[in-house]
Each structure stands twice: as structure tokens, then as C-alpha cells.
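> Got a sequence here, can you model it:
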Amino acid sequence: MSRLPKASSNLKTCFFNSKTIASLLSIILSSLFLMISFQSLAEDQITEFDNYARFESTYPNPARTFRQFDYELTQNFLTQEELTYHAINYAKLAYVPYIWGGGTIGIGNSNACSQCKKCIKKRNVSIKKRFTACKACRKCGIDCSHLVNKIFEKSDLPVPYGSTKDLLKLNAKDLKRLYSLVYVGRNPQQAQVGDLILYPGHIVLLLENNEDGTGSIIHATASKKNSKFGGIVIETVKLSEYAGGIRKILRHRKLLEAANHPPSKESPSSSSNQHNS
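Take a look at the predicted model:
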């Protein structure tokens, strides 16, 4: 009889110890979960920065003043480098074929891109008949003028769509009034990053202008150099001699404003708050 209270006391101790162990396990698991979550978030941020850095190292620009993990833009201004960043992202869409008159890039509709290419190959459709001859190409395919329009649109630069033919025939006054595009001449030495360069029947966006007269451009082209279906490519060309020679160099009005009024050197947090206000 004298042992019963002792047994009861042992049971209480065991029960207490079980609760303590369960609590400790719960705390440990919660801590591990938080550590994994923070690590995952950090890895995502580092990956995003590394991707940006990789693009930047491929197409260097010494004027770049990029702040790590801070992509916010000063209100009302967009730098040439931000426009270039969006352009390079479009260059990753190598699966999109060149379609004269096409204005879609097929994101989320890989089947349409595949069907478009199959139709072109099966019917041996010429460049200017792909859009009408292959229905799938209306859902996945792009040409040069639609590509630069999409890059500007992605960069929050208001530019109504204009075909290469329209932009070539308009005078400087109408280009600025209708499209917010400023004519800066025909000399490739005057061209800057983010400028549109018009050639006979073709338009490209300049990513880099070199002292030797060459430049890196992004464009949608029917050339089979990178793909038998053509598509979105970045390449280095002799600017003055490419595609029959330069006809016009155009610069968006907001890029001129950004050059004349550079972003203020405030802290990332204050810049972000101002942008979101």
C-alpha cells in the first residue's frame, strides 16, 4: 500500500516529461520550418539577382548603377538599362517563330507554337503567308515591329503599335505626336541603348553601341541563322551597313527625360515608398 503513492508520483513525472518532450519537439520543428522558409526566400532572391547579373555581364554597360534586390524605379523615369533588362528577358523566348504580321509570343500556349512550326514545315509556307496559311501561327508568332512594341509596353513606355512602314514614312513631328518617339538622326554614333533603329522594312532595338561601329541588337527576324523558323535573337552587327543601312534612329521621349533628369540617389526604402505612394 505504501508504494501506490510512489507509483502515482512516477506516472505524473512520466506524463510531465512526455508533455515537455512534445513541447520541445514542437519548438524544434517550428524553428526548422522557419529556417527552411527563410533559406528558400534568400535563395530565390539570390537566383533573381544572379540572373540579372549574368545578363548584365553578357551585355555590360559601365553606366549601370544597379542596386541589389531593389528593382524599384524612381517615379516618372525609366532608365535605358531597365528597358534593356526587359528586352533581354524577351530574348529567352527562342521557341517563338518569326511570323510576318504576328503579334503574340505564345506564353502558356506551347502547343500553338509547336503546331505553328509543324504547319510551316509541312506546307513549306513562305515568310509572308505564315500568318494566314497556319491558324496556329496567329497564337504564337511575332515580327520585328510587334516585338519592339511589346518590349516598350512591358517597360511601361506608352507607345501605340506602329508598323515599320508607318514609322519610316512619318515625319519627326508626327512621330513625336503619335508615338512619343523623337527622331535623333541616322548616324549610328548618335544611337544610345534603348533606341529604335529603322532599316528598310525592318526595326531593331539597340542594346549596346560599340566604338568600332558595331552594336548589339534584339529583333525578331526571319533569318535562319539561329532557327529554321526565325524568331527573337540578339546579335552583334555593323550598325551602318546592316539590312541596307540606317534610315532612322528613334528615341522614346521618356528616355530623353530620364537622361536629362537622372534618378535621385536616395535610399532603396525611401525610393520604394515614394514609388508606391
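> contacting residues for Gly101?
By Cβ atoms under 8 Å, 6 or more residues apart in numbering, Gly101 lies in contact with Lys128, Phe131, Asp143. Placement of C-beta: from N, CA and C, glycine included.
> if I look at it, how far off is Val159?
For Gly101, the distance to Val159 equals 18 Å [Cβ to Cβ, to the nearest Å].
> hmm, back to that, which of the contacts of Gly101 sits closest to Lys117?
Of all the contacts of Gly101, Lys117 sits closest to Phe131, with 13.8 Å by Cβ to Cβ.
> ok, the closest one - contacts?
By Cβ under 8 Å, 6+ apart, Phe131 lies in contact with Ile99, Trp100, Gly101, Gly102, Cys137, Arg138, Gly141.
> surely the fourth one meets Cys137?
Yes - counting by Cβ atoms under 8 Å, Gly102 touches Cys137, with 6.3 Å between them.
> So for those two, which sits in the more crowded spot?
Between Gly102 and Cys137, counting by other Cβ atoms under 10 Å, Cys137 is the more crowded of the two (30 against 23).
> what's the closest non-adjacent residue to the more buried one?
Once flanking residues are discounted, Cys137 sits nearest to Cys116: 4.0 Å by Cβ to Cβ, 6 or more residues apart in numbering.
> List the contacts of that neighbour.
Contacts of Cys116 (Cβ under 8 Å, 6+ apart): Pro97, Ile99, Arg130, Cys134, Ala136, Cys137, Lys139, Cys140, Gly141.
> Kindly report the same for His252.
Contacts for His252 (Cβ under 8 Å, 6+ apart) come out as Phe152, Leu157, Val159, Ser180, Leu181, Val182, Gly194.
> now these in TSV, with secondary structure?
Formatted as TSV, the contacts of His252 follow (DSSP: H, G, I helix; E, B strand; the rest coil):
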residue	secondary structure
Phe152	helix
Leu157	coil
Val159	coil
Ser180	coil
Leu181	strand
Val182	strand
Gly194	coil
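> Where is pLDDT lowest across the residues you listed?
Within the set of these, pLDDT is lowest for Leu157 (86).
> Show me the shaky parts of the protein.
1-19, 22, 30-79, 107-108, 258-277 (pLDDT under 70).
> show me where it has helices.
Ranges of helices within the chain are 3-58, 80-91, 110-123, 130-133, 144-154, 164-169, 172-179, 253-260, 268-276, based on DSSP state H.
> Quick check: Gly213 vs Leu205, distance?
18 Å.
> These two: which has the busier surroundings?
More crowded of Gly213 and Leu205, by other Cβ under 10 Å: Leu205, with 23 against 13.
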